[in-house]
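**Q** Give the three-dimensional model of this entry:
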Amino acid sequence: MRDARTLVRALRDPSSVEVLNSGQWTELISVARAESLIGSLAHRVKDVTVPERVRAVLQDAVEAHDLARQQALWEADCARRALAGYPGKILLMKGTAYVAANLDAGVGRSIGDLDIMVARKDLPVVEAALLDAGWEWVKPDPYDDQYYREHMHELPPLIHRERDRMIDVHHTILPLTARPTPDVQAILDAAVALEDGLYVMAPADMLIHSIAHLFADGDLSGGLRNLWDINLLIRYCTGTDPEFWIKLGMRAEIHGLVSELERALRLAERLYATPVCKDRAGKRKFSDCFYVRRLLARDGYGRETRKITRFAFYVRSHWLRMPPVMLARHLWTKWRKGGKSSD
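**A** Numbering: from 1, shown residues only. From the prediction side, this is the model:
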C-alpha cells in the first residue's frame with residue numbers, strides 16, 4: 001500500500017473490501033488504526049462479507065468504541081456535576097458532542113480528551129470549580145501556562161487525579177493569534193441544549209468548528225478522521241435541513257472561514273464523494289493536490305510518509321497560528337528550554 005487510499009475507498013464504498021486478500025486486510029487495518037478510524041471502518045463494513053479473523057478484529061474495535069463512548073458520556077456528566085453552580089452554557093465539542101447528540105459522526109468515532117467550551121469571561125469560575133473537583137494541571141511550566149492563557153483558544157490541559165482523564169476548556173475555536181477570528185458569542189447564542197443541561201453547537205457551527213480545526217489550526221495530522229467527520233456532518237445536516245447550505249454559508253462568513261469551508265467541501269467530495277453545493281465549494285485549486293497528498297501520507301504499516309510534505313504543513317500550521325516575530329520568539333524559547341512545542 002503506497003498510501004491511505006484503500007482506507008478512503010473502504011469508508012466511501014464498504015463493498016470494495018470484499019476483494020482484499022489477507023495482506024491487504026492487514027495493511028488496511030494498520031492504516032485505519034493509525035488514522036484513528038478503525039471504529040468507523042468496523043461500523044462501515046459490518047454488513048459486508050469479510051474473513052473471520054478480520055471480523056474478530058473489527059468486532060473488538062466496535063466493542064472498544066462502545067466502551068469509549070460510555071466513558072466519554074460519563075466524563076461529560078462528571079464535568080457537568082463539577083460545574084453545577086456555573087450559570088453559563090457548557091458546550092460539548094468534537095467527538096463527545098457527536099455521541100451526546102446521537103449523530104452519525106459519533107458512530108465508531110474515536111474519542112480522546114473531553115473538550116468543552118464556555119464564555120471567556122467565565123474561565124476563572126470554571127477553572128476554580130474544576131480544580132476543586134479533582135482536576136489538576138498537566139503542564140505546570142510557567143511559560144506554557146502563560147502561552148496558553150495569552151495566546152491559545154483554551155486553558156492549559158487538565159487531568160483528573162483519580163480517573164486519569166483529561167479535559168480541555170475552550171473559550172473559542174481557534175487560537176487568539178490565528179488570522180480568522182470566529183464569533184464566539186454567535187456560537188454560544190445559537191447552541192442547542194441537550195436533555196442533561198449541557199449544550200452542543202448548532203449544526204452549521206459544529207461543521208465550521210470541525211473545518212476550522214482541520215484547515216486553520218493544524219498540520220492535518222489525523223486529517224482523514226476529521227474529514228470523515230466533516231463528510232458525515234454534511235450528509236446529516238443536508239438531509240435534515242433543506243436550507244442548510246444557506247445557513248452554512250452565512251456562518252462561514254460570520255466566522256471568517258469561507259476559504260476553509262470551500263477547501264473542506266472540495267476535499268470531502270474528492271475523497272469521500274460527499275454531496276456538496278458547488279457554489280459553496282468554489283473552483284478547484286491546484287493546491288488541493290498537496291492537501292490530498294498530506295492526508296493520504298501513510299504506508300501499509302501505518303507509518304507516516306512524505307516527510308517533506310508533512311514538514312511543509314507543520315510549518316504552515318505554525319504560520320497560521322501566529323505572526324512571524326511571535327513565532328520566532330516562541331520557537332526560540334521552546335528550543336532553549338529543550339522541550340517540544342506546547343501547541
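
**Q** what about Asp241, distance to Leu248?
**A** 9 Å (Cβ to Cβ, to the nearest Å). Heads up, the C-betas are built off the backbone N, CA and C, glycines and all.

**Q** higher neighbour count, those two?
**A** Leu248 (24 against 14; other Cβ atoms under 10 Å).

**Q** which secondary structure element contains that one?
**A** Following DSSP states H and E, one finds Leu248 within helix 244-255.

**Q** what mean pLDDT would you report for that helix?
**A** Helix 244-255 shows an average pLDDT of 98 in the prediction.

**Q** What helices and strands are in contact with that helix?
**A** helix 184-190, helix 203-215, helix 223-240, helix 258-272, helix 278-281 (3 or more Cβ pairs under 8 Å, 6 or more residues apart in numbering; DSSP states H and E).

**Q** Next, His160: phi, psi?
**A** Backbone geometry at His160, expressed as degrees, to the nearest 10, gives phi -80, psi 130.

**Q** any idea how far it is from Glu75?
**A** Going from His160 to Glu75 by Cβ to Cβ gives 8 Å.

**Q** again, but for Arg33
**A** 23 Å.

**Q** So between these two, which is more surrounded?
**A** Neighbour count, other Cβ under 10 Å: between Arg33 and Glu75, Glu75 has more, with 19 against 16.

**Q** What residue, apart from its backbone neighbours, is nearest that one spatially?
**A** Leu114 (4.7 Å; Cβ to Cβ, 6 or more residues apart in numbering).

**Q** sorry, back to before: the helix holding Leu248 vs helix 258-272, what angle?
**A** Here helix 244-255 points in a direction 140 degrees away from that of helix 258-272 (axes from the mean of the first three to the mean of the last three Cα atoms, to 10 degrees).

**Q** Tell me the buried residues in helix 244-255?
**A** By neighbour count on 16 or more other Cβ atoms under 10 Å, the buried set for helix 244-255 is 244-245, 247-249, 251-252, 254-255.

**Q** Can I get the residues you listed in TSV including distance to Leu103?
**A** Formatted as TSV, these follow (distance: Cβ to Cβ, whole Å):
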residue	distance to Leu103
Phe244	14
Trp245	18
Lys247	17
Leu248	16
Gly249	21
Arg251	17
Ala252	20
Ile254	22
His255	20
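
**Q** How are the helices of the stretch 51-200 of the chain distributed by residue range?
**A** 52-82, 94-100, 123-132, 142-151, 184-190 (DSSP state H, counting those that start in this stretch).

**Q** These into JSON lines, with extra columns for mean pLDDT and distance to Ala212?
**A** As requested, these are arranged in JSON lines below (pLDDT from 0 to 100; distance: least, Cβ to Cβ, whole Å):
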{"stretch": "helix 52-82", "mean pLDDT": "96", "distance to Ala212": "21"}
{"stretch": "helix 94-100", "mean pLDDT": "97", "distance to Ala212": "12"}
{"stretch": "helix 123-132", "mean pLDDT": "97", "distance to Ala212": "20"}
{"stretch": "helix 142-151", "mean pLDDT": "80", "distance to Ala212": "16"}
{"stretch": "helix 184-190", "mean pLDDT": "98", "distance to Ala212": "11"}
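
**Q** three-state assignment of Asp47?
**A** coil (DSSP: H, G, I helix; E, B strand; the rest coil).

**Q** check contacts around it.
**A** Pro14 (Cβ atoms under 8 Å, 6 or more residues apart in numbering).

**Q** for Leu227, same thing?
**A** With Cβ under 8 Å, 6+ apart, Leu227 has these contacts: 214, 264, 267-268, 271-272, 295.

**Q** Greatest separation within the residues you listed: which pair is it?
**A** Pairwise distances across the contacts of Leu227 peak at 13.3 Å for Leu214 and Tyr272 (criterion: Cβ to Cβ).

**Q** Neighbour count: those two, which is higher?
**A** Neighbours per residue, other Cβ under 10 Å: of Leu214 and Tyr272, the larger number sits with Leu214, 24 against 21.

**Q** Quick check: phi and psi on Arg294?
**A** Here Arg294 shows phi and psi, under degrees, to the nearest 10, equal to phi -70, psi -40.

**Q** Next one: it from Val99, what distance?
**A** Using Cβ to Cβ, Arg294 is found at 28 Å from Val99.
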